[in-house]
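Undergrad: My questions are about this predicted structure, shown below with the sequence.
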Amino acid sequence: MRDGRSSVASDAVGSGAAGGTHRLVLLRHAKAEPAGGVDDVLRPLALNGRRQAGRVGAALAHSSLVPELVLCSSALRTRQTWDLLSAHLGDVAPEVVVTDTLYAAGVRDVLDMVRGADSRVRTLLVVGHEPTMAATAAHLAGPGSDSGALAQVRVGVPTATYSVLESSTPWGEWDGAVANLSYVGRPSS
């Protein structure tokens, strides 16, 4: 892992050539312990959240949504979500950029990071927080997006929920209504 404050992994490269479909997976971290005597950024996953993260990893692998590049908030709960879900992805070793920027990111911050990805990356996973993960999905959803998925991201998503967006547009040009929002969900218990 490396800190992505200065740039987003331009050397994270998939097996395909430039062009083709790019898939962005926006994941809200799994269930964390309630706020209490610890700083919010240090809140760990709850036991249920640990189970959720494993189920997300299995679902991503089953759906062929294994990322080549991961952008992960530096908060403990997002890092733990990634660590636990990655154990279910097989022998894949994507580049992981852990960044403070995603902790308090808005939609523009997420888009700036996505636009910095190498165009050869086919599947990019962002592990972040609400309301930004849902708001980013809603912002990117263009014509032809699944109406139920769009309705869900417009109101926000629960923990361990991921949104899948697809587009042939190069990462550097991702902005409003550029992608097809094809799925929003979370693995069942």
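TA: Now that the structure is in, tell me what you want to look at. Numbers count the residues shown, from 1 in each chain.

Undergrad: any idea of the mean pLDDT in stretch 83-90?
TA: Averaged over stretch 83-90, pLDDT sits at 96.

Undergrad: And it, what's buried?
TA: Neighbour counts using 16 or more other Cβ atoms under 10 Å place D83, L84, L85, S86, H88, L89 of stretch 83-90 among the buried residues. Any C-beta I mention is one placed from the backbone N, CA and C, and that applies to glycine too.

Undergrad: Tell me the secondary structure at the third one.
TA: What it means is L85. Secondary structure, DSSP: H, G, I helix; E, B strand; the rest coil: L85 is helix.

Undergrad: okay, and the helix or strand of this protein with the least pLDDT?
TA: Lowest by mean pLDDT, DSSP states H and E among the helices and strands of the chain is strand 2-3, with a mean of 39.

Undergrad: Give me the below-cutoff pLDDT ranges for the chain.
TA: Applying pLDDT under 70 to the chain flags the ranges 1-19, 189.

Undergrad: mind running it again at 90?
TA: For the chain, the stretches with pLDDT under 90 are 1-20, 35-38, 92, 187-189.

Undergrad: what's the longest helix in it?
TA: For the chain, the helix with the greatest residue count under DSSP state H is helix 47-62.

Undergrad: and that helix, what does it pack onto?
TA: Under the contact definition 3 or more Cβ pairs under 8 Å, 6 or more residues apart in numbering; DSSP states H and E, helix 47-62 sits against helix 76-86, strand 162-167.

Undergrad: Could you find the closest non-adjacent residue to the most centrally placed residue in the chain?
TA: For the chain, V126 is the residue whose C-alpha lies nearest the centre (Cα atoms, centre = their mean; 2.4 Å). The shortest distance from V126 to any non-neighbouring residue, by Cβ to Cβ, 6 or more residues apart in numbering, is to L71 (4.7 Å).
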